[in-house]
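Asks: Sequence and predicted model, in that order:
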Amino acid sequence: MFQMYGVVPPMVTPFRENGEVDYEGLAALVQFLSGQVDGLFINGSYGGGVLMTEEERKGVAEATLKAAQGKIPVIVHVGTADSLSAARLTEHAVQCGAAAVAAVGPYYFKHSSEDICDYFHTLVDAAKGHVPVYVYNNPQFQGYPMELELIRTLKEKVGVSGVKDATFDIQAMAKYMRLLKSDAFDVALGTEAMWLPACVLGCKAFIPGIGNAFPEICRKMFSEGMAGDIKACRKTQFEVNEMRDIMYLARSTQLAIYAMLELRGIVKCYPRRPFVPATQEEKEKIKIRLKELGLL
């Protein structure tokens, strides 16, 4: 069954200034990325999935898969606060030809392990074995951590096929790789910030936010890591982490990505409200730093 491999950016969703999905911008972004990355992770945190209606999320999935033209796999985030909506999004992703689906744990309310297992069981049932279901373990956004034993239960008793690890905890990643990773259970790193140590541990895929605007350096870092060139990969990792520092010149990393896409001339678009776009002053600061690094 499908497992993630390589550079798989969590693609932002382009919006128009009036808040509507910018499907022309989306197609342009997919075209820009599809020749440089190994897959796309859509409708997640960077993609603003939870800011969209169910129908909008379906529309973005359809448009992304159409624009990708089968060149790269598309992983669709289907996480919602309730099981039924997430199941409908899962069924739709399968019908559209997604390679996999992923979901954060049900959010807003505090949920027991039993609740979380039931939620993911609903998604596995909805996928009907056609695509793997990944746990997107993002404690900050789902509102609670998923401990190792819960992930193990989701693997062994619920039928989940992988985890996107966004804990930013290299010890957690090491445990996933040592205790859970197998031919039947995938482990992907949910950030570009720790690729080198994750790669050394045996991870083979990462989901880099910076990869939306600068897929080239992410590809370079991935290739160096997979080739075992630790010295080169460490140098590139430090450069990537400096780029992540630049992202915080805006009020969030997501806003910085929209600004960087505009600065590179890839697509000019907006985040969805209540996110307010980066100011001109913030864009200028980002531009100056990127030029200092020779990236513009």
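Replies: Received it, and whenever you're ready, just let me know what you need.
Asks: and residue 246, how many neighbours does it have?
Replies: Residue 246 has 22 neighbours, counted by other Cβ atoms under 10 Å. Every C-beta, even on glycine, is put in place using the N, C-alpha and C of the backbone.
Asks: next one: the one 10 residues further on
Replies: Other residues lying near residue 256 total 25 when counted by other Cβ under 10 Å.
Asks: Against residue 273, how distant is it?
Replies: Applying Cβ to Cβ, to the nearest Å, the value for residue 256 to residue 273 is 17 Å.
Asks: go on, residue 145?
Replies: 29 Å.
Asks: quick one, which of those two is more surrounded?
Replies: The neighbour comparison of residue 145 against residue 273 (other Cβ under 10 Å) goes to residue 145, with 15 against 11.
Asks: show me where the stretch 51-200 of the chain has strands.
Replies: Under the criterion DSSP state E, counting those that start in this stretch, the stretch 51-200 of the chain carries strands at the ranges 74-77, 100-103, 133-137, 162-165, 186-189.
Asks: Just send the ones you listed back as TSV, with mean pLDDT too.
Replies: Shown next, in TSV, are these (pLDDT from 0 to 100):
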stretch	mean pLDDT
strand 74-77	98
strand 100-103	98
strand 133-137	98
strand 162-165	98
strand 186-189	98
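Asks: Quick one: closest of these to residue 235.
Replies: Of all those, strand 186-189 sits nearest to residue 235, with 18.9 Å by Cβ to Cβ.
Asks: how far does that closest one sit from the chain's center?
Replies: 11 Å (Cα atoms, centre = their mean, to the nearest Å).
Asks: doesn't residue 17 fall inside a strand?
Replies: No - secondary structure of residue 17 (DSSP: H, G, I helix; E, B strand; the rest coil): coil, not part of a strand.
Asks: Quick check: it vs residue 48, distance?
Replies: In this view, residue 17 and residue 48 are 15 Å apart by Cβ to Cβ.
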